[in-house]
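Novice: Let's see this in three dimensions:
(one chain, ligands or ions: 2)
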Amino acid sequence: MNARTVATTPFTDQKPGTSGLRKKVAVFTAPNYLENFVQAVFDTIFDNAAAPAGTTLVLGGDGRYYNREAIQVILRMAAANGFGKVLVGQGGILSTPAASCVIRKFKTFGGLILSASHNPGGPDGDFGIKYNTGNGGPAPEKITDAIFARSKALTSYRIVDAADIDLDRVGTQSLGDMAVEVIDPVADYAELMESLFDFAAIRELIAGDFRLCFDAMHAVTGPYAKEIIERRLGAPAGTVINGVPLEDFGGGHPDPNLTYAHELVEIMFGANDAPDFGAASDGDGDRNMVLGRGFFVTPSDSLAVIAANAALVPGYAGGIAGIARSMPTSAAADRVAQKLGVPCYETPTGWKFFGNLMDAGKVTFCGEESFGTGSDHVREKDGLWAVLFWLNILAKRGLSVEHILQLHWAEYGRNVYSRHDHEALPTDIANGIMEQVRAAGATLPGKAFGNYRVKFCDDFSYTDPIDGSVSTGQGLRVGFEDGSRIVFRLSGTGTEGATLRIYLEAFEADPARQMADAQLSLAPLIAIAEEISGLRARSGRERPTVIT
Ligand code: VG1
Ligand code: CO
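Specialist: Numbers count the residues shown, from 1 in each chain. Ligands and ions are numbered 1, 2, ... in the order given. Purely as a prediction, here's the structure:
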């Protein structure tokens, strides 16, 4: 079968963001758009040559609209670019953590993950693609920068003419000289989970009067959660809700937070007989939200609790090397690291910054305030992993979620935390707000706002301790004398206008005040953020789009 070279005009807008390239479906389905980016990836990783003989690629996505079509195109391009084999999830499905697991388990060259994660799907929604390297993690900035540069320069791509692969039939098929192996997307991942957690203890917990609910939000984790939570752990059928992946996620926003996972929130905060534990995951399965009965666990606290209780979990009982968190994530985990006597690293936003630290054995747990938690078992954040970790803790401690947090805060103090998102702002207005904060930054240190005195203002930059690479412009920080913080940052995953995120953190050492509502505790900081940024006047918005 002969590879064809197809002439194209390069695109100029294929710069990967926080987590790969994300665009509206209409952009992705434009002639040659997907092909241009995929060829740019292949050219970058093989230095404009064909893949070395026998190179294997992992391929799968979150099942959203255009997933199957894109997979057929990428398979034909992989064959034309010299790949020996592609492992593709059945039905084109692979959650992000499962793709990372498969890349690592079979020691493949890397993988392409098709997802726009928590962004809505469907013909009017978003599509995305991300390249992960052989360690199973998202490509670091130096590779994504090179892919972007190549995408703006290439004038042709390679593809073979061939019939579609049957993505629903597990087993090996051939596409020209290349083998396509359709694999069970769940099996390898489920086996990895069984190797880390005390399934017997969780099974016993679930067999008792403990009740739980998992909301897959019509996204990719449905089949994973059904296999693991219902089949392997014995939870009753129906424990997993919205468990069938749909191309448009049922019209919803597959983002597991208090706003978008409202069905689960209503169950957990509803009647007196709410389940003991609730959780949700996002479009591609890497995020998680954890709820107790009538109780929300912030992702920053979840990371801290996971680290503090690691000894209860077989996969981590031998001790942990360290913790890493993204800069806007609260310092709750830092306190646990200090107590454990292990280092805690602060990185820019995006999972790609954790890879080097995990590969070097410097950290075991990583987390982001954006509902992302994970460990060195893969190189992506992992929604179901976090859920199983919590179930393992609950099984071992026999306490409610709320009680575990109460005891945690009493021991370490509480980093009261919230994120306010202002979505889809006109780009110039969002930039104007950031400019105002940046300009104010020079004059703020030493200034007092009520009881809060500004200690420092800066634009966060990070030097990777392993390879020395520097990433600048990662968020404007305003730090106060008492350790409180406000961070202003523009999102790198949105596809409409600009999304401004304001991260707020205060520390509460007094147990008598730790159970107060976070928005009330943070009210003074919320007012200071407004005073510094002039957001309301500049945007005309009265309140954030989403509060987490
Ligand atoms: C957001 C989150 C960030 C996360 C990224 C990808 O990025 O804030 O913490 O790593 O999404 O998550 P941004 O640039 O919009 O703030 V996922 O689950 O969408 O791959
Ligand atoms: Co995601």
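Novice: Can you name the residues in contact with the helix or strand hosting residue 6?
Specialist: Residue 6 belongs to strand 3-7 when elements are defined using DSSP states H and E. Strand 3-7 has contacts (CB atoms under 8 Å, 6 or more residues apart in numbering) with 32, 35, 79-81, 155-161, 176. Where you see a C-beta, it was placed from the backbone N, CA and C, and this is true even at glycine.
Novice: Using the three-state scheme, assign residue 182.
Specialist: What DSSP: H, G, I helix; E, B strand; the rest coil gives for residue 182 is strand.
Novice: Verify the stated contact: it with residue 174.
Specialist: No: using CB atoms under 8 Å, residue 182 is not in contact with residue 174; the gap is 11.9 Å.
Novice: just checking, next helix/strand downstream of the helix or strand harbouring residue 34?
Specialist: In this assignment (DSSP H and E), residue 34 forms part of helix 33-45. Downstream of helix 33-45, the first helix or strand assigned by DSSP H and E is strand 56-61.
Novice: Who are the packing partners of that next one?
Specialist: Packing contacts for strand 56-61, counted by 3 or more CB pairs under 8 Å, 6 or more residues apart in numbering; DSSP states H and E, involve helix 67-80, strand 85-93, helix 96-105, strand 110-114.
Novice: Let's see that with 6 Å instead.
Specialist: Where contact means 3 or more CB pairs under 6 Å, 6 or more residues apart in numbering; DSSP states H and E, strand 56-61 is packed against strand 85-93, helix 96-105, strand 110-114.
Novice: still on that earlier bit, among the contacts of strand 3-7, which two are most distant?
Specialist: Within the contacts of strand 3-7, 155 and 176 form the most distant pair, 23.5 Å apart (CB to CB).
Novice: These two: who's more crowded?
Specialist: Comparing residue 155 with residue 176 by neighbour count (other CB atoms under 10 Å), the higher total belongs to residue 176, at 16 against 12.
Novice: for the stretch 301-450 of the chain, what spans make up the helices?
Specialist: 332-340, 355-359, 383-397, 401-412, 427-441 (DSSP state H, counting those that start in this stretch).
Novice: Mean pLDDT added to the ones you listed, as TSV?
Specialist: Compiled in TSV, those are given as follows (pLDDT from 0 to 100):
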stretch	mean pLDDT
helix 332-340	97
helix 355-359	95
helix 383-397	98
helix 401-412	96
helix 427-441	92
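Novice: now for the ones you listed, which one comes closest to ligand 2?
Specialist: Closest of the helices of the stretch 301-450 of the chain to ligand 2 is helix 383-397, at 7.8 Å (criterion: CB to the ion).
Novice: Of the contacts of strand 3-7, which are in range of ligand 2?
Specialist: Applying CB under 5 Å from the ion, the subset of these adjacent to ligand 2 is empty.
Novice: Ligand 1: which of those is nearest?
Specialist: Using CB to the nearest ligand atom, residue 35 comes nearest to ligand 1 of these, at 23.0 Å.
Novice: measure the closest one to residue 340 for me?
Specialist: Distance of residue 35 to residue 340, given as CB to CB, to the nearest Å: 49 Å.
Novice: For these two, work out which one has more neighbours and name it.
Specialist: residue 35 (21 against 17).
Novice: Is it correct that the more buried one is in contact with residue 154?
Specialist: No: when contacts are counted by CB atoms under 6 Å, residue 35 is not listed as touching residue 154 (9.8 Å).
Novice: which residues touch stretch 521-539?
Specialist: 416, 418, 425, 429, 432-433, 436-437, 440, 449-450, 486, 502, 504, 506 (CB atoms under 6 Å, 6 or more residues apart in numbering).
Novice: Just the buried residues of that stretch, please?
Specialist: 521-522, 524-526, 528-529, 532-533, 535, 538-539 (16 or more other CB atoms under 10 Å).
Novice: okay if I get the residues you listed as CSV plus secondary structure?
Specialist: Output for the buried residues of stretch 521-539, formatted as CSV (three-state DSSP):
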residue, secondary structure
521, helix
522, coil
524, helix
525, helix
526, helix
528, helix
529, helix
532, helix
533, helix
535, helix
538, helix
539, helix
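Novice: Mind picking the two most distant members of the residues you listed?
Specialist: It's 521 and 538 that sit farthest apart of those, by CB to CB, at 26.2 Å.
Novice: how distant is stretch 534-547 from the center of its chain?
Specialist: 25 Å (CA atoms, centre = their mean, to the nearest Å).
Novice: Which positions in stretch 496-512 come out as buried?
Specialist: Quick answer for stretch 496-512 (16+ other CB under 10 Å): 498-508.
Novice: now residue 205: how far from ligand 2?
Specialist: 27 Å (CB to the ion, to the nearest Å).
Novice: Just read off the phi/psi values of that residue.
Specialist: Taking degrees, to the nearest 10, you get phi -60, psi -50 for the backbone angles of residue 205.
Novice: pretty sure it contacts residue 395?
Specialist: Yes: here residue 205 reaches residue 395: they are 4.0 Å apart, a contact under CB under 6 Å.
Novice: which intervals of the stretch 101-250 of the chain have sub-threshold pLDDT?
Specialist: For the stretch 101-250 of the chain, no stretch is flagged by pLDDT under 70.
Novice: Please enumerate the helices of it.
Specialist: Using DSSP H, counting those that start in this stretch, helices in the stretch 101-250 of the chain cover 141-151, 187-196, 199-207, 221-225.
Novice: Who are the packing partners of the longest one?
Specialist: Packing partners of helix 141-151 (3+ CB pairs under 6 Å, 6+ apart): helix 33-45.
Novice: Centre of the chain to the helix it packs on, how far?
Specialist: 23 Å.
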